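Visitor: A predicted structure for the sequence below; I have some questions about it.
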Amino acid sequence: MEPNKTPPEQEEIRRLANAIRGLSMDAVQTAKSGHPGLPLGMADAATVLFSRFLKFDPADPHWPDRDRFVLSGGHGSMLLYSLLYLLGYAGPTLDQIKRFRQVDSPCAGHPEHGHLPGIETTTGPLGQGISNAVGMAVAERLLNARFGDDLVNHKTYVIASDGDLQEGISHEAISLAGHYRLKNLIVLWDDNNISIDGDTRLADSSNVIERFEAAGWKTTLCDGHSAQEVFRALTEAQSSDKPFLIACKTVIGFGFPTRAGTQKAHSDAPGQEEIDGAKKALGLPPAAFALDDGVLDAWRKIGQRNADARAAWTKRADASARKTEFAEAMAGTIPSELGRQLGELKQELAAEKPNAGTRRTSEKVLEVINGVLKTTIGGSADLTPSNNTKTKNITEIRPDDFSGRYIHYGIREHGMAAAMNGMALHGGIIPYGGTFLVFSDYCRPAIRLAAIMGIRVVFVMTHDSIGVGEDGPTHQPVEHVAALRAIPGLQVIRPADAVETVEAWELAINHKGPTLLAFSRQDVPTVRADAGDNRSAKGAYEIAGTDNAAVTLLATGSEVGLAMEARDLLKADGVAARVVSMPCWSLFEQQSEIYREQVLGTGTKVAVEAGVREGWDRYIGPHGRFVGMHGFGASGPYKDVYKHFGLTPHAVADAAKAALKK
């Protein structure tokens with residue numbers, strides 16, 4: 001549907017916007033908690049956007065060709081909850097709004113994806129929402145290139161706060177969007193010059209407009225409280241050939257008699273006296289959560305304005321020769337053919353027994369995955385040759401050509417991770433992107449949000465241990481795997497060899513939530529002899545057994561091969577040992593107690609991992625031993641580094657014998 005080109009009446013927009021203001025201030029006051037400043041300040045601009053430009057339909061909140069709306073300043077969540085209620089979405093109800101920020105209400109302190117229809121992403125940590133939006137805009141361009149305007153032709157709109165644009169991740173996202181000329185991305189900046197500490201000039205004197213223009217955006221300024229000015233700016237943005245920033249000059253807490261324009265409007269419950277004064281000034285009914293006569297009907301009519309456009313799209317989609325292909329892409333369907341081809345590859349690798357870094361085997365697996373799936377979109381933060389994330393059967397995207405399937409993110413790890421979240425949220429895309437495991441620290445906030453939302457994103461992290469070698473401790477992750485395992489809902493897999501690498505990718509692609517794959521830089525031997533069922537799917541399994549084992553060696557990744565050598569040394573000394581590979585702890589924890597006890601065994605246990613000990617004690621018990629890292633690494637050839645820190649087969653065998661003497 002084309003935007004309504006008739007300029008809006010200021011009085012009508014203000015009447016509609018005041019409904020947002022009334023609901024927002026009452027909800028915050030009732031909760032004695034929240035952020036009223038943004039909803040009151042941006043209500044006018046949001047009303048113009050939703051009533052005249054945004055393409056959506058509350059009757060079908062998952063309409064694939066809807067415009068995406070991201071409230072990047074998630075602290076102003078009552079703006080979004082008010083809009084969803086007023087427009088007629090299935091939720092929230094007014095009763096749920098009255099219980100804003102309570103455990104039993106979907107109206108959380110910050111918008112949470114999946115809690116209510118119409119919430120496109122979880123926002124709150126500033127900078128994440130605008131970065132997700134860049135990913136959504138990329139996804140739209142990719143799918144448009146694949147399926148055409150009839151099925152995919154929409155925009156992504158963002159309301160961003162001063163704080164969003166101060167966060168470092170915003171610089172990464174903004175420059176990425178400018179480079180790829182994402183003309184379907186429009187950001188409305190709530191330019192109110194206020195943060196929690198006070199005037200933004202206390203800490204920031206940058207020229208935001210010039211910054212965006214330098215990054216390749218088009219910009220304009222407007223009075224955020226003037227319906228005609230906001231309409232003019234949004235109209236201009238529709239035909240832009242670049243991403244577009246609208247600086248909406250607003251008053252934070254618009255309408256408050258004493259707090260408007262101050263930091264007190266940002267994040268404090270205003271108090272009943274302030275609310276009474278605001279309602280009087282705005283002409284709102286004095287009762288809590290009351291609306292002017294007819295205003296709810298007017299909003300509900302706005303909610304229905306795209307019904308014909310959605311019906312027309314549905315008709316086009318039903319008539320399309322690519323209807324099934326499009327539906328499967330949006331549903332994230334994984335064809336059975338992929339499982340068959342991955343099984344064949346696993347058989348080949350088990351027979352060949354390559355001695356290769358798992359990052360290199362990962363590239364072979366991706367060659368198969370990218371050949372079968374058309375929805376995978378790869379990338380790397382300027383480490384493509386090291387991450388091995390680009391396969392021969394896909395090409396790069398360019399600013400003027402989105403027919404490719406590989407993104408050069410530049411040295412923007414955080415922006416890459418957040419953009420991948422946005423692509424996954426948009427739908428129709430299974431994103432994966434690579435960097436070094438040590439740089440997962442740069443990505444962590446976005447990885448955590450992927451886990452909170454439970455979205456399918458694959459974080460490819462190579463160079464996963466002191467095996468990095470000469471680059472030294474700055475590039476050798478020792479605490480990272482343990483820290484990442486601590487994130488609830490994140491599937492962390494560290495495969496031992498080529499066979500487990502195939503299984504790890506199979507698990508990642510079929511998993512509905514996020515997966516982090518930790519691959520080795522250095523070569524590792526193939527230690528799995530069988531290539532039947534996906535044994536990694538149980539998280540841990542016995543890879544080498546023996547009768548009457550006195551000791552069990554537990555290991556992950558490259559140290560499984562090391563444990564296998566230690567087992568041979570122990571056998572030569574008359575000590576029976578078994579080896580358990582533990583590629584994914586979270587999957588192991590999901591198995592039955594009987595299975596876990598069977599795998600761990602009853603004897604002495606020694607854990608081996610080129611990382612810190614954290615987490616291992618749950619498996620080795622109070623009398624077990626740990627062979628691994630107790631501090632940071634060192635620079636040198638990786639074999640020398642392993643020897644320097646006592647990560648050798650002999651050290652593991654000695655630890656096992658010492659434990660048996662206790």
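Guide: Structure received. Keep in mind the model is a prediction, meaning the values are calculated, not measured.
Visitor: what lies in contact with stretch 101-112?
Guide: 27, 31, 33-34, 71, 74-75, 77-78, 80-81, 91-92, 96-97, 99-100, 115-116, 119, 121-124, 452-453 (C-beta atoms under 8 Å, 6 or more residues apart in numbering). Just so you know, the C-beta spots here come from the backbone N, C-alpha and C atoms, and that holds for glycine as well.
Visitor: what does stretch 380-397 give?
Guide: 138, 141-142, 180, 359-360, 362-363, 366-367, 370-371, 378-379, 403-413, 416, 432-436, 439, 460, 462-463, 521.
Visitor: same thing with stretch 144-152?
Guide: Contacts for stretch 144-152 (C-beta under 8 Å, 6+ apart): 64-65, 140, 143, 153, 313, 316-317, 320, 322, 326, 329, 374, 401-403, 428.
Visitor: ok, back up a step: PyMOL command to pick out the buried ones of the contacts of stretch 101-112?
Guide: Filtering these down to the buried ones (16 or more other C-beta atoms under 10 Å) takes a single PyMOL command:
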select buried, resi 27+31+34+71+74+75+77+78+80+81+91+92+96+97+99+100+116+119+121+122+123+124+452+453
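Visitor: just the contacts of stretch 101-112: which are in helices?
Guide: Judged by DSSP state H, the contacts of stretch 101-112 include 27, 31, 77-78, 80-81, 96-97, 452-453 as members of helices.
Visitor: so how far is residue 53 from the closest residue to residue 220 other than its chain neighbours?
Guide: Of all residues not flanking residue 220 in the chain, residue 233 sits nearest, at 5.0 Å (C-beta to C-beta, 6 or more residues apart in numbering). Distance of residue 233 to residue 53, computed by C-beta to C-beta, to the nearest Å: 10 Å.
Visitor: who has more neighbours, these two?
Guide: residue 233 (25 against 21; other C-beta atoms under 10 Å).
Visitor: residues contacting that one?
Guide: By C-beta under 8 Å, 6+ apart, the neighbours of residue 233 are 220-222, 246, 248.
Visitor: give me phi/psi at it?
Guide: When read as degrees, to the nearest 10, the backbone of residue 233 gives phi -70, psi -40.
Visitor: returning to what we had before: buried subset of the contacts of stretch 380-397?
Guide: 138, 141-142, 180, 359-360, 362-363, 366, 370-371, 378-379, 405-409, 412-413, 416, 432-436, 439, 460, 462-463, 521.
Visitor: now find how far off-centre stretch 477-485 is within its chain.
Guide: 19 Å (C-alpha atoms, centre = their mean, to the nearest Å).
Visitor: before we move on, what about stretch 534-547?
Guide: 31 Å.
Visitor: now stretch 53-69
Guide: 21 Å.
Visitor: and it, average pLDDT?
Guide: In this model, stretch 53-69 carries a mean pLDDT of 98.
Visitor: residue 18 touches residue 280, doesn't it?
Guide: No. Here residue 18 does not reach residue 280: they are 11.9 Å apart, not a contact under C-beta atoms under 8 Å.
Visitor: the two: who's more crowded?
Guide: Per other C-beta under 10 Å, whichever of residue 18 and residue 280 has more neighbours is residue 18, with 25 against 12.
Visitor: now the more buried one: closest residue in space that isn't a chain neighbour?
Guide: residue 282 (4.9 Å).
Visitor: in helices only, show me the contacts of stretch 380-397.
Guide: Filtering the contacts of stretch 380-397 for helices - DSSP H - leaves 138, 141-142, 359-360, 362-363, 366-367, 370-371, 413, 416.
Visitor: CA-only coordinates of stretch 577-596 in PDB, if you can.
Guide: The C-alpha trace of stretch 577-596 is given here as PDB (Å, rounded to 0.1, in the frame of the first residue of the first chain):
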ATOM      1  CA  ALA A 577      41.000 -46.000  30.400                       C
ATOM      2  CA  ARG A 578      38.100 -44.900  28.400                       C
ATOM      3  CA  VAL A 579      37.600 -41.600  26.600                       C
ATOM      4  CA  VAL A 580      34.400 -39.500  26.500                       C
ATOM      5  CA  SER A 581      34.000 -36.700  23.900                       C
ATOM      6  CA  MET A 582      31.800 -33.900  25.200                       C
ATOM      7  CA  PRO A 583      31.200 -31.500  22.300                       C
ATOM      8  CA  CYS A 584      28.100 -29.900  23.700                       C
ATOM      9  CA  TRP A 585      27.400 -29.700  27.400                       C
ATOM     10  CA  SER A 586      24.000 -28.200  27.100                       C
ATOM     11  CA  LEU A 587      22.800 -31.100  25.000                       C
ATOM     12  CA  PHE A 588      24.400 -33.600  27.400                       C
ATOM     13  CA  GLU A 589      22.400 -32.000  30.300                       C
ATOM     14  CA  GLN A 590      19.200 -32.700  28.400                       C
ATOM     15  CA  GLN A 591      19.800 -36.400  28.400                       C
ATOM     16  CA  SER A 592      18.400 -38.800  31.000                       C
ATOM     17  CA  GLU A 593      20.100 -39.200  34.300                       C
ATOM     18  CA  ILE A 594      20.700 -42.900  33.400                       C
ATOM     19  CA  TYR A 595      22.500 -41.900  30.200                       C
ATOM     20  CA  ARG A 596      24.600 -39.300  31.800                       C
END
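Visitor: mean confidence for that stretch?
Guide: In the prediction, stretch 577-596 has an average pLDDT of 98.
Visitor: so how far is that stretch from its chain's centroid?
Guide: 27 Å.
Visitor: how about that stretch: buried residues?
Guide: Applying 16+ other C-beta under 10 Å to stretch 577-596 flags 577-588, 591, 596 as buried.
Visitor: what do you get for stretch 142-155?
Guide: 142-144, 146-147, 151-152, 154-155.
Visitor: again, but for stretch 372-385
Guide: 372-373, 375-384.
Visitor: and if you look at stretch 59-78?
Guide: 60-61, 63-78.
Visitor: which residues in the stretch 301-450 of the chain form helices?
Guide: Taking DSSP state H, counting those that start in this stretch to define them, one finds helices in the stretch 301-450 of the chain at 307-319, 323-331, 336-352, 358-372, 384-387, 413-426, 440-453.
Visitor: now do the residue nearest to residue 100 when sequence neighbours are not counted against residue 552, distance only.
Guide: In this structure, residue 100 finds its nearest non-sequential neighbour in residue 27, 3.9 Å apart by C-beta to C-beta, 6+ apart. From residue 27 over to residue 552 the distance is 56 Å, taken as C-beta to C-beta.
Visitor: one more: residue 273?
Guide: 68 Å.
Visitor: which residues sit against stretch 580-591?
Guide: Contacts for stretch 580-591 (C-beta under 8 Å, 6+ apart): 485, 490-496, 500, 503-504, 507, 527, 536-543, 552-557, 560, 596, 599-601, 615, 619.
Visitor: ok, residue 310 - contacts?
Guide: 57, 59-60, 63, 66.
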